[in-house]
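In: My questions concern the predicted model and sequence given below.
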Amino acid sequence: MDFVAIVTPNHLHFAPALLALEKGFPVVLDKPMTFTLEQALQLHRKVQETGLPFCLTHTYSGYPMVKQARQMVSDGAFGKIRKIYVEYPQGWLSRLSEKDGSKQAEWRTDPARSGKSGCMGDIGTHAAHLAEYISGLRIRQLCADLSIMVEGRALDDDGQVLLRFDNGATGVLFASQVAAGEENALTIRVYGEKGGLEWAQQEPNTLVVKWLDQPMQVYRAGTPWLSPVARHNSRTPPGHPEGYLEAFANLYRNFALTLMARLDGKTPAPEALDFPGTADGVRGMAFIDNLIRSNESKEKWTYFEVPGSK
């Protein structure tokens, strides 16, 4: 056996992941990484101590057009980033489904199994990771407003957050699981000095790029003029749909390529190393803690704190 994959509910992430690492096994783990920030920090330290490969399945970073967007921002195509809008509306918890036999709703809305946040812990962390992944920026301050819209529910099912990033950019993050009629409408828009981009998970093969002084462009997955990292993560010819399962598979494949290189005593290719790790997991858990602290505070802005970071 070469590695351990852990795909359990949140409260069953930490113990098996830590045990696997202690026994010398690399790990692929679902997000959020752990049940608490303290556990996330402990797991991060264990990975640093062992040097073992570790992949956190922030699925949406596996899409080829997300990687194209990240590369364009990194290359400076849009100049300094000024504004980020990211939204993640779902409607599947518009009713008290946890009381009607839905296994997914039952554990995701249970504080004992899901953690201290519901909607924001489940999908808000995806939105925050995507904003940081594409922009290359880090959230430094936030102002959160969380709500429980469905009577009888124990955890938040809706929320919005104002964001400030480390380069001075501002943003808005909106996540809801009570947006009745919505399926999985994750969308992000990033704007810089020269133009901006837009990507939507429900139309994942398309990246729309808008310029200040030239016509709009549409990039499509699988086409030869994409960046090398986007081509590396494109699995089918142009016009053949790639989606959620392929994005998951890209994370697993990059992790496997990294692991195989390690087993062969070789240095992994840069594109193979492109998958989320424990540092992303720590930021995800810190995002949840800081959101709740902001929501409970009377102050407008809360500094995004990650214990142990400078």
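Out: Arrived safely, thanks for sending. These numbers come from a predicted model, not from an experiment. Residues are numbered from 1 along each chain as shown.

In: Can you tell me which helices and strands the host helix or strand of residue 171 packs against?
Out: Applying DSSP states H and E as the criterion places residue 171 in strand 170-176. Applying 3 or more C-beta pairs under 8 Å, 6 or more residues apart in numbering; DSSP states H and E, one finds that strand 170-176 contacts strand 81-89, helix 125-135, strand 158-165. The C-beta positions use only the backbone N, C-alpha and C, and glycine is treated the same way.

In: in the stretch 51-200 of the chain, which spans are strands?
Out: Taking DSSP state E, counting those that start in this stretch as the criterion, the stretch 51-200 of the chain contains strands spanning 54-56, 81-89, 139-147, 158-165, 170-176, 187-192, 195-200.

In: Against which helices or strands is the last one packed?
Out: Counting contacts by 3+ C-beta pairs under 8 Å, 6+ apart, strand 195-200 packs against helix 64-74, strand 187-192, strand 206-211.

In: average pLDDT for the first one?
Out: What it means is helix 64-74. Averaging pLDDT along helix 64-74 gives 98.

In: same deal with the second one?
Out: Per-residue pLDDT values over strand 187-192 give a mean of 98.

In: got the contact list for that strand?
Out: Here strand 187-192 makes contact (C-beta atoms under 8 Å, 6 or more residues apart in numbering) with 69, 73, 77-88, 127, 130-131, 134-135, 196-201.

In: What strands line up against it, and which way round?
Out: Each strand paired with strand 187-192, and its direction, by DSSP bridges: strand 81-89 (antiparallel), strand 195-200 (antiparallel).

In: Tell me which of those approaches residue 116 most closely.
Out: Closest approach to residue 116 among these (C-beta to C-beta): strand 81-89, 18.7 Å.

In: What distance do you get for the residue nearest to residue 111 when sequence neighbours are not counted to residue 98?
Out: Leaving aside its chain neighbours, residue 111 sits nearest to residue 154 (5.5 Å; criterion: C-beta to C-beta, 6 or more residues apart in numbering). Separation of residue 154 from residue 98 (C-beta to C-beta, to the nearest Å) stands at 9 Å.

In: Which neighbours do those two have in common?
Out: Between them, residue 154 and residue 98 share the contacting residues 109-110, judged by C-beta under 8 Å, 6+ apart.

In: Compare the two (neighbour count), which wins?
Out: Remark: of residue 154 and residue 98, residue 98 carries more neighbours, 21 against 13, as counted by other C-beta atoms under 10 Å.

In: my guess is the more buried one contacts residue 153, does it?
Out: Yes: contact between residue 98 and residue 153 holds when scored by C-beta atoms under 8 Å: they sit 7.4 Å apart.

In: Can you give me the pLDDT of residue 307?
Out: 86.

In: Just the element for it, please.
Out: Per DSSP H and E, there is no helix or strand for residue 307.

In: Pull the contacting residues for the nearest residue to it once chain neighbours are set aside.
Out: Once flanking residues are discounted, residue 307 sits nearest to residue 41: 6.3 Å by C-beta to C-beta, 6+ apart. With contact taken as C-beta under 8 Å, 6+ apart, residue 41 is in contact with 282, 307-308.

In: do the same with residue 57
Out: Contacts of residue 57 (C-beta under 8 Å, 6+ apart): 28-31, 248, 251, 276.

In: In strands, which of the residues you listed fall?
Out: The members of these that map onto strands under DSSP state E are 28-29.

In: how about the contacts of residue 57 in CSV, adding distance to residue 286, neighbour count and pLDDT?
Out: Shown next, in CSV, are the contacts of residue 57 (distance: C-beta to C-beta, whole Å; neighbours: other C-beta atoms under 10 Å; pLDDT from 0 to 100):
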residue, distance to residue 286, neighbour count, pLDDT
28, 22, 22, 98
29, 17, 26, 97
30, 18, 18, 95
31, 13, 21, 93
248, 24, 14, 95
251, 21, 21, 97
276, 14, 24, 97
